[in-house]
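Chemist: build the 3D model from these lines:
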Amino acid sequence: YRKHEWEKHGTCAATLQVLNSQKKYFSKALELYQHIDLNSCLLKAGIKPSSSYYQMTAIKEALTTFYGVTPKIQCLPPEEGEKAQTIGQIEFCFTKGLQLRNCTALKGESDPMQADLKVGTEELSVCSDTLPTYYPSQVE
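Modeler: The predicted structure is shown next:
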C-alpha cells in the first residue's frame, strides 16, 4: 500500500525539497493528518461517529467553517434497501507551500499533497447533498 501511494502521489511531490524522499513524504502526511484532526473538529460541531444520520450540508458547513477551505468528501452510495450514504473519504488539498486550499481550485493546479482518509477500496463517489449521511467510526 505504501509503495503504491509513493509511486502514485509521492514521486510527483518529490520535486519539493520538503517531500523529496519516502520518509519525508509519509512523515509530512502524518504531521498534516494530526494537525487537521478531523474527528475533534466534527465533534465540536456535534457530529460524531454513530449510528445516527447527519445532513451532508451540515458536515460540509462544519468543515468549511473550521478550516476555512472546502474539502472534497466522497461517499459510498446507499446499499440496497438502505437510505443513507456512508462517508468514505475526506480529502484536504494543499498548495505547494503546504497551506490548506480549497479542493475546488483550478483543475490545472498540481496537488503535491492530498490528505486522504480512506475506508477500504470500494468505489467512492461525490456525496449527495440530499441523502442522509452516516459517519462511520472507522474513517481513518
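Chemist: and this structure, what are its domains?
Modeler: With the TED database serving as the domain definition, the record reports that the chain contains domains spanning 1-36, 39-105+123-139.
Chemist: and the ones you listed, which one's lowest on average pLDDT?
Modeler: Taking each of those in turn, the one with the lowest mean pLDDT is domain 1-36, at a mean of 81.
Chemist: next, residue 136: phi, psi?
Modeler: Per-residue torsions, residue 136: phi -80, psi 150 (degrees, to the nearest 10).
Chemist: report the buried residues of stretch 7-21.
Modeler: Taking 16 or more other CB atoms under 10 Å as the basis for neighbour counts, the residues of stretch 7-21 that come out buried are 9, 10, 13, 14, 16, 19. (C-beta placed from N, C-alpha, C; glycine too.)
Chemist: okay if I get these as a markdown table plus secondary structure and distance to residue 101?
Modeler: Written out in a markdown table, the entries for those read as follows (DSSP: H, G, I helix; E, B strand; the rest coil; distance: CB to CB, whole Å):
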| residue | secondary structure | distance to residue 101 |
| --- | --- | --- |
| 9 | helix | 16 |
| 10 | helix | 19 |
| 13 | helix | 15 |
| 14 | coil | 20 |
| 16 | coil | 15 |
| 19 | helix | 16 |
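Chemist: right, and residue 129 touches residue 57 too?
Modeler: Yes - with contact defined as CB atoms under 8 Å, residue 129 counts as touching residue 57 (5.6 Å).
Chemist: between the buried residues of stretch 7-21, which is closest to residue 86?
Modeler: Nearest to residue 86 among the buried residues of stretch 7-21 is residue 9, at 24.1 Å by CB to CB.
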